[in-house]
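Student: Here's a sequence, model it:
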Amino acid sequence: MIDERVMRVWAQVGKHTHGASVTVADICAAAVAGVGVDGAAVTLATGTSTVRRTVHATDRIALELEQRQSVFGQGPGVDVCATGGPVFAVDLAAPAEQARWPAFARAALARGVRAVFALPMQVGAIRLGVVDLHRAGPGLMSPYELADALAFADSAALLLLDTAAGAPADTAELAWQREESSAYSAEVHQATGMLAVRLGITAGSALARLRADAVACGRGLGDLAYDVIEGGRGGDTARQIAVLAQDADRLEYAALAAHGRGRP
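Tutor: Next up, the predicted model:
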């Protein structure tokens, strides 16, 4: 059964689509409206936290914050990509946070930003990047706002994976996938790892292909993963997943497609 928070988050996203397919821009706009922040950005991280590409920013300040983190190699979003956990800068004017991110803190304060909430985009052990939320005032999010913010970050991760696999983005479909009971099972992780090693692609590409195949076949992700492990689909699966061998280009293409409405 779909969780009430997931339903509410996707309902908020749906208000921004105006009947079109969901984009990263829609998720960012819904997050800004839903969790009481002033701006948002989604950035992919490839390989290490120093290789970053911003997919979407809601405003000029959000974009500049991402650029400063890339240039300085420091900031909450950089730390998220390195550690995999959320990082909160609740008051960039505080001595402790200025000592932790000196160059970034100065740049953010100069733009009128006092707080940054960096949330990982992650599916299982696969790290895709970070959602950075900022606001002019200092202070923590409420537990309710934080839970919603994490749901928005999960939604962005699912959207990027599905776009990379060529699946159309729909709010109802993505909400179902978010709650599908087998989505994070041991079999899914094992099958993802097997395909990644066999084909020399990243785990993110392998999982994207599994998800696309599950949707196309109308099957549960766990059932399909079991078939891959047992060799039931054998070379057929390998041939289908081979199209994702150039993963860096696929992710960049997916980011551009998700930023607009449709593929460029």
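
Student: Around the residue nearest to residue 127 when sequence neighbours are not counted, how many other residues sit close by?
Tutor: Spatially, and ignoring its direct neighbours in sequence, residue 127 is nearest to residue 84 (5.7 Å; CB to CB, 6 or more residues apart in numbering). No exception for glycine: its C-beta is placed from N, CA and C like everyone else's. Neighbourhood size, residue 84 [other CB atoms under 10 Å]: 11.

Student: Show the model's pLDDT score for residue 84.
Tutor: You'll see residue 84 listed with a pLDDT of 85.

Student: show me what contacts the closest residue to residue 44 other than its chain neighbours?
Tutor: By the measure of CB to CB, 6+ apart, the closest residue to residue 44 outside its immediate chain neighbours is residue 129, 4.1 Å from it. Residues in contact with residue 129 (CB atoms under 8 Å, 6 or more residues apart in numbering) are 42, 43, 44, 45, 52, 55, 81, 120, 121, 160.

Student: The residues you listed in helices, which ones?
Tutor: 81, 160 (DSSP state H).

Student: Can you show me the strands along the protein?
Tutor: Applying DSSP state E to the chain gives strands spanning 39-45, 52-57, 87-89, 115-123, 126-135.

Student: Same list, the ones you listed, but as JSON lines with mean pLDDT please.
Tutor: Written out in JSON lines, the entries for the strands of the chain read as follows (pLDDT from 0 to 100):
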{"stretch": "strand 39-45", "mean pLDDT": "92"}
{"stretch": "strand 52-57", "mean pLDDT": "87"}
{"stretch": "strand 87-89", "mean pLDDT": "96"}
{"stretch": "strand 115-123", "mean pLDDT": "91"}
{"stretch": "strand 126-135", "mean pLDDT": "91"}
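
Student: Just put those in a markdown table and tack on distance to residue 152.
Tutor: Below are these laid out as a markdown table (distance: least, CB to CB, whole Å):
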| stretch | distance to residue 152 |
| --- | --- |
| strand 39-45 | 8 |
| strand 52-57 | 13 |
| strand 87-89 | 15 |
| strand 115-123 | 8 |
| strand 126-135 | 7 |
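
Student: Point out the one among these that comes closest to residue 141.
Tutor: Closest to residue 141 of those is strand 115-123 (CB to CB; 6.3 Å).

Student: Note down every partner strand of that closest one and its orientation.
Tutor: Strand 115-123 has its sheet partners listed here by DSSP bridges as strand 87-89 (antiparallel), strand 126-135 (antiparallel).

Student: any idea which of those strands is most buried?
Tutor: Most buried of those, by mean neighbour count (mean count of other CB atoms under 10 Å): strand 126-135, with a mean of 26.

Student: Extract the CA atoms of that strand and return them as CSV.
Tutor: C-alpha atoms of strand 126-135 as CSV (Å, rounded to 0.1, in the frame of the first residue of the first chain):
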residue,chain,number,x,y,z
ILE,A,126,23.6,3.5,-5.5
ARG,A,127,24.4,7.2,-5.1
LEU,A,128,23.2,9.4,-7.9
GLY,A,129,23.8,12.8,-6.4
VAL,A,130,22.3,15.4,-4.2
VAL,A,131,19.3,17.7,-3.7
ASP,A,132,20.3,21.0,-2.2
LEU,A,133,17.6,23.2,-0.5
HIS,A,134,18.4,26.7,0.7
ARG,A,135,16.7,29.5,2.6
